[in-house]
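Novice: sequence and predicted structure are below.
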Amino acid sequence: MSNISFANLACIEFLLSVPKTLDKHSKRWHRAFATIYCSRAFSNPKSRLPRINNGGKEKIPHSRSYTLLNLEPDKAFSDVDQKTLTKLAKGKNLDNLLCYGGVEGVASAIKTDPENGIPADTEDIDRRQRAFGTNTYAKPPTRGFFPFVWEAVKDLTIIILLVCAVLSLAFGIQENGLQEGWYDGGSIVFAVFLVVSVSAVSNYKQSRQFDKLSEQSNNVKVDVVRDGRRQQISIFEIVVGDVVCLKIGDQVPADGLLIDGNSLQVDESSMTGESDHVKVDHAQNPFLIAGTKVADGYGRLIVTSVGMNTAWGELMSSVIRDSTEQTPLQIRLNSLTSAIGKMGLAVAFLVLVVLLVRYFTGNTIDENGNTEFVRGSTSVNDVLNAVVKIVSAAVTIVVVAIPEGLPLAVTLTLAYSMKKMMADNALVRKLSACETMGSATTICTDKTGTLTLNRMKVTEFWLSPDPLMKRASFSIAANVLELIGQGIAVNTTGSVYRPSMESEYEFSGSPTEKALLSWAVLELALDMQRLKQSCTVLHVEAFNSQKKRSGVLMRSNLDSTVHVHWKGAAEMILALCSHYFDASGNMKVLDSNSRMVFEQLIQSMAASSLRCIAFAHKQVEEEELKDEGLTLLAMVGLKDPCRPGVKNAVQDCQNAEVNIKMITGDNVFTAKAIAAECGILSPDKLDISEAVIEGAEFRSYTQEERMKKVDEICVMARSSPMDKLLMVQCLKQKGHVVAVTGDGTNDAPALKEADIGLAMGVQGTEVAKESSDIVILDDNFESVATVLGWGRCVYDNIQKFIQFQMTVNIAALVINFVAAVSAGEVPLTAVQLLWVNLIMDTLGALALATEKPTKALMDKKPVGRSEPLITNVMWRNLMAQAAYQTAILLILQFKGEAIFMVDSAVKETLVFNTFVLCQVFNEFNARKLEKKNVFAGIQRNKLFLGIIAITVVLQVVMVEFLKKFADTERLNWGQWAACIGLAAVSWPIGWIVKCIPVPEKPFFSYVDQVLHRKRRSMN
């Protein structure tokens, strides 16, 4: 559209305003006339615009300011529009596709070279994004902050506290008036506000963290071809026209059409619900839908629709991820909180009944020693005030009994652990996996990439029984070299790219494919491009974990002869061969002696931790991919060194009494050598036949035999994914908590079956990642060991806080109950108890829930599935501390005035201050459940030290400056020293108590046994 400076806007507006009275045809004529007029006026504005005569000078009048928008489609893609492209893939109509010239016609319309892809320059990519959109989808609206506040308010604990607040406000104002009567009720409201705020903020942050993790999890890398170069880009960077390379396990990143491929089958269950795999081919069904998974084969597709123009994009835009998942530990803690709350209600009701009975029977005396209630003489107003005071005491007991900090502690520790695990290369997809990992008793791990570096390199090359790689120089017959080159160049999913003759070669594909291609190009000086162009591929059987090999049927373009090439595990290929080539190019019969020599070579390479790959060939008459009577071309040994720190990581897991089992597809000798190098197979087990087996052998066992031998197995070689699944099922049936690593599509069943599925982030397929609970971002076993440590840390931190919280609650509950029943009053007011709850719950949760994993955690046994949350060790610790606190505070309550020679108000302040300081000192004890040295590593936890300092400062402010609000009196230096001294006794008590041994069997199991015996005797 031309750029226009001025226009007769009044005339144009008149022409564009179509009268409503005109019929349909008249309206069309009106619009046509307006279009012609405007286009002529705009093309020559000087001759058509009115002019103003101003003193003999003509001026063009000023027009209004306006902006012109170019609404025309991009002319670079004028042959096709987005609607047409969207209908092609969604409709899967082959006739419509043929009308556009098939796949080639569509590629031409969107300016894409099917072989070399789109240009890699940013201008072309930007133009495509403007014309066809980006490969992103509209995210559903995220939950705001206030829904989390409402969820926190709906909690039963909070509702009970709010009811208590209303009652306390009513009774307080009734008894003391509005000016001072609101203190207790107001403090409860403030406590509720603080707990709700912290809980809502924590859950809100956790939700945002989930969104970030989800975005990172969805940001997968995709292989595309641009400017003839195969490269990896983010799935969000794909544009219409991109040529995408697909292999088994990949998720189809966008709608598109198949350019070429072999044995390609996709799983469309995520879109259609149908479980059967759909065959995709160039001729009959070239349509590929975003969101589906490649189940078999490989191929290349040309992208026709991205983002919201695909059915997957529309679906994902409406999916809201649930970030409020309740973990098993949270559910158990909610039950514990509810049980403690009910116990508190029962005690409060008992106190209420006792105090009412004491009052109305005349056993309650006032400050002057007079009986408070005398039948017939006490006024109704005095009775009401006394009843209000009694009910207020009962409400106080309810408040202190509810451990509202427990759910908050779980939320904090899980959120903290998830964030730290992310920094340690572990992306948590399911919250429950954080804590379940702490209970893991067995880890079944892959070898390649997890225990090893996954950096393959050909180190040995055997042509007949002759080790050519060990010579300074060697020569191979031309016909054998050509066949080896064909076997590598054609039978591969990798590629070779070289931008110019001066540039370095770039190899893409799996580590094995890259190693073979680089060896063929750099060592054998073979031209992969020439070899590929010298033949036509007729059929391909892609590599799979069952057969351990891949094959290709091809026709030579030179003489039209048909050839079969196979590549795979050396012993598998050797079993299919009847002949072999020697270095001179002569074909020889593979007799029993020669076969034995080759088998020994394979074992020798495997014993040196080499992966053995063999190549075989056969010229055939029929176009059929045969796998018998082959001729062995060569064998190579690929070295994949162990990761540097893997042996120490394995040792750490074994010290933690976690069994490590290696499950690999490699042959038994390679597996045995790697396992020994990593420390999985100890020297004393090298000669034990049950320790190292093959998948076929394990499969052939009866169920009873598998259950009997599964614990002894350390290495399973030549295993299939179903063998891995079978082992996981057996281990779980024996009571193990099993973690499994996996990277392939076929690993999905085992990952789902395991208690914790660990997918590999680098080599793992999208199917494997979606089936997992945690993604190991660097594919390193050290990260698996780190996850184990964090899992134990989560559970340990929660137990620390439970011990600390229960000590506070039991001590406060007993003190108030005993004092209320014996003296008719509670020593700790509602404000003081809520202050204790706040600093202990909120600040205590932050201090104890953010401890990092320690070496000591990895020296303990795994936490059992059914082990109680409160262990015997915890009961021992908390009961000792609660008993001491109860004893010392009751002494202060009843004898404090005489001991310190103070009045009642100062005595009550001493009780309150000592109680708070006891919790401060006990917070140190809670850091270590079993270790006597509670100060170990404390200098590294700056947050803990900071929270202790804040708690002490706030307590000083509470006692010294908030007299009316907290109902306290100022203390002198001697009284402060006495409080600190009494509280500090909890340290030596904690040390002494930890010297007392406790049975491993839970205390309550003995009670259950007694009750069970009684039931049996009654029956």
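Specialist: Looks like it came in fine.
Novice: tell me the gap between the helix ranked longest in the chain and the middle of its chain.
Specialist: Assignment by DSSP state H gives helix 156-218 as the longest helix of the chain. Relative to its chain's centre, helix 156-218 lies at 30 Å (CA atoms, centre = their mean, to the nearest Å).
Novice: and if you look at stretch 827-839?
Specialist: 39 Å.
Novice: ditto for stretch 718-726
Specialist: The answer for stretch 718-726 is 25 Å, by CA atoms, centre = their mean.
Novice: contact partners of it?
Specialist: 444, 545-546, 548, 569, 663-668, 694-696, 698-699, 706, 716, 740, 742, 744, 746-747, 749-750, 753 (CB atoms under 8 Å, 6 or more residues apart in numbering). C-beta coordinates here come from the backbone N, C-alpha and C atoms, glycine included.
Novice: could you flag which of those are buried?
Specialist: Taking 16 or more other CB atoms under 10 Å as the criterion, what is buried in these is 444, 545, 548, 569, 663-668, 694-695, 698, 706, 716, 740, 742, 744, 746-747, 749-750, 753.
Novice: can you tell me which of the residues you listed are in strands?
Specialist: 444, 569, 663, 694, 716, 740, 742 (DSSP state E).
Novice: need the residues that contact the one helix or strand residue 222 maps to.
Specialist: Assigned by DSSP states H and E, residue 222 belongs to strand 221-226. Here strand 221-226 makes contact (CB under 8 Å, 6+ apart) with 115-120, 230-235, 238, 242-245, 250, 253, 300, 508.
Novice: switch to 7 Å and redo it
Specialist: Contacts to strand 221-226, defined as CB atoms under 7 Å, 6 or more residues apart in numbering, come from residues 116-118, 120, 230-235, 238, 242-245, 253.
Novice: and the nearest residue to residue 293 once chain neighbours are set aside, its phi and psi?
Specialist: By the measure of CB to CB, 6 or more residues apart in numbering, the closest residue to residue 293 outside its immediate chain neighbours is residue 267, 4.4 Å from it. Dihedral angles phi and psi of residue 267 (degrees, to the nearest 10) take the values phi -100, psi 110.
Novice: what does residue 541 give?
Specialist: Taking degrees, to the nearest 10 as the convention, residue 541 sits at phi -110, psi 110.
Novice: could you do residue 490 as well?
Specialist: phi -90, psi -40.
Novice: residue contacts, it?
Specialist: Going by CB under 7 Å, 6+ apart, the list of residues near residue 490 reads 531, 532, 535, 537, 552, 554, 565.
Novice: so which of those sit within strands?
Specialist: Per DSSP E, those map to strands at 535, 537, 552, 554, 565.
Novice: wait, which of those is closest to residue 409?
Specialist: Nearest to residue 409 among these, counting by CB to CB, is residue 552 at 59.4 Å.
Novice: could you find the closest non-adjacent residue to that closest one?
Specialist: residue 491 (4.4 Å).
Novice: pretty sure that neighbour sits in a helix.
Specialist: No. Membership of residue 491 in a helix is not supported by DSSP: H, G, I helix; E, B strand; the rest coil, which gives coil.
Novice: how about the helices in the stretch 301-450 of the chain?
Specialist: Using DSSP state H, counting those that start in this stretch, the helices found in the stretch 301-450 of the chain span residues 311-317, 328-360, 380-401, 405-423, 432-436.
Novice: for the record, mean pLDDT for the fourth one?
Specialist: Meaning helix 405-423. Here helix 405-423 scores 77 as its mean pLDDT.
Novice: the third one too?
Specialist: For helix 380-401, mean pLDDT rounds to 74.
Novice: likewise stretch 346-360?
Specialist: Mean pLDDT, stretch 346-360: 84.
Novice: what sits up against that stretch?
Specialist: 364, 372-373, 386, 390-391, 393-394, 397-398, 401, 813, 817, 820-821, 824.
Novice: again, but for stretch 384-401
Specialist: Outside stretch 384-401, the residues that reach it (CB under 7 Å, 6+ apart) are 160-161, 164, 167-168, 171, 174-175, 184, 188, 340-341, 343-345, 347-348, 351-352, 355-356, 359, 372-373, 809, 812-813, 816-817, 820, 826, 829-830, 833-834, 837.
Novice: out of these, which end up buried?
Specialist: The buried subset of the contacts of stretch 384-401 - by 16+ other CB under 10 Å - is 160-161, 164, 167-168, 171, 175, 184, 188, 340-341, 344-345, 347-348, 351-352, 355-356, 359, 372-373, 809, 812-813, 816-817, 820, 826, 829-830, 833-834, 837.
Novice: wait, what's in contact with residue 887?
Specialist: Counting by CB under 7 Å, 6+ apart, there are no residues that residue 887 touches.
Novice: actually residue 957, sorry about that
Specialist: If you count contacts by CB under 7 Å, 6+ apart, residue 957 has none.
Novice: ok, residue 505 next?
Specialist: Here residue 505 is in contact with 496, 498, 521 (CB under 7 Å, 6+ apart).
Novice: model confidence for the closest residue to it other than its chain neighbours, exactly?
Specialist: Distances taken as CB to CB, 6+ apart place residue 498 nearest to residue 505, at 5.2 Å, with adjacent residues excluded. Note on residue 498: pLDDT of 84.
Novice: got phi/psi on residue 498?
Specialist: Main-chain torsions, residue 498, degrees, to the nearest 10: phi -140, psi 110.
Novice: picking up where we left off before, among the ones in strands among the contacts of residue 490, which ones are buried?
Specialist: Here, 16+ other CB under 10 Å leaves 535, 552, 554, 565 buried among these.
Novice: what's opposite the last one in the beta bridge?
Specialist: Taking DSSP bridges, one finds residue 552, residue 617 as the beta-bridge partners of residue 565.
Novice: thought residue 249 was touching residue 294?
Specialist: Yes. Residue 249 is within contact range of residue 294, at 6.4 Å (criterion: CB atoms under 7 Å).
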